[in-house]
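Visitor: here's my sequence, what's the structure:
(one chain, ligands or ions: 1)
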Amino acid sequence: MPQGRPAIPMSLQRQLLVEAGHRCAIPTCRSTPVEFAHIRPYAQVRAHAFENLIALCPTCHTRFDRGDIDFRSMRQYKLNLGLLSGRYGPLELQALQWFADDTTRQEIGIPRGLDWAFGNLTRDGLAEVVDRPPTWDSVGDGSSGTVGLCLTARGHDAIRRVLKAEPIG
Ligand SMILES: [Zn+2]
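Guide: Next up, the predicted model:
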């Protein structure tokens, strides 16, 4: 650490680690251990701000410092990370991951009445809940049945953009 530069406070380090899931923030890397990189160089900003810091593994950090990963890409990784970890709940993130793992997947069955857990995905237009006729699943067993959670075209596009570090929009 250069002389005169204060350490990154522990609480801020913890926020950054939680944001990135304690792994390198680059979605195609996700390695450990991680360290902290200033997206705009510390020499320019002279501060440790959450918005300007990102958790990276040493390899990605070095690649960023060398310019193999440029500033705009890194800013986009940070934005996408914030959007995903800040906005969507664990079930929503798992659903996105499930769709991202195999882009031919069309639908997840969820218990009717659990659609609230996917509220931000549906509000943002990334997914929609589609009703299913009672014959589609358990008829007459007293349960309230199942509905389908489908990615919209916008949702498919958002997953593609996150994986490629392009703006989500
Ligand atoms: Zn990495």
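
Visitor: what ranges do the strands span in the chain?
Guide: Counting by DSSP state E, the segments of the chain that form strands are 35-38, 53-56, 107-111, 127-130, 146-151.

Visitor: tell me which of these sits most buried.
Guide: The highest average neighbour count among those, using mean count of other Cβ atoms under 10 Å, belongs to strand 53-56 at a mean of 26. For the C-beta atoms, the positions are set from N, CA and C on the backbone; glycine is no exception.

Visitor: starting at the chain centroid, how far to that strand?
Guide: Computed by Cα atoms, centre = their mean, to the nearest Å, the separation of strand 53-56 from the middle of its chain amounts to 14 Å.

Visitor: and the contacts of the helix ranked longest in the chain?
Guide: Among the segments of the chain that qualify as a helix by DSSP state H, the longest is helix 71-87. Contacting residues not belonging to helix 71-87 are listed as 18-21, 25-27, 37, 39-40, 51, 54, 64, 93, 96, 120, 124, 161-162, 165-168 [Cβ atoms under 8 Å, 6 or more residues apart in numbering].

Visitor: ok so, going back, can you put the strands of the chain in JSON lines and add distance to the ion and mean pLDDT?
Guide: Rendered in JSON lines, the data for the strands of the chain read as follows (distance: least, Cβ to the ion, whole Å; pLDDT from 0 to 100):
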{"stretch": "strand 35-38", "distance to the ion": "10", "mean pLDDT": "96"}
{"stretch": "strand 53-56", "distance to the ion": "6", "mean pLDDT": "96"}
{"stretch": "strand 107-111", "distance to the ion": "29", "mean pLDDT": "90"}
{"stretch": "strand 127-130", "distance to the ion": "29", "mean pLDDT": "94"}
{"stretch": "strand 146-151", "distance to the ion": "27", "mean pLDDT": "91"}
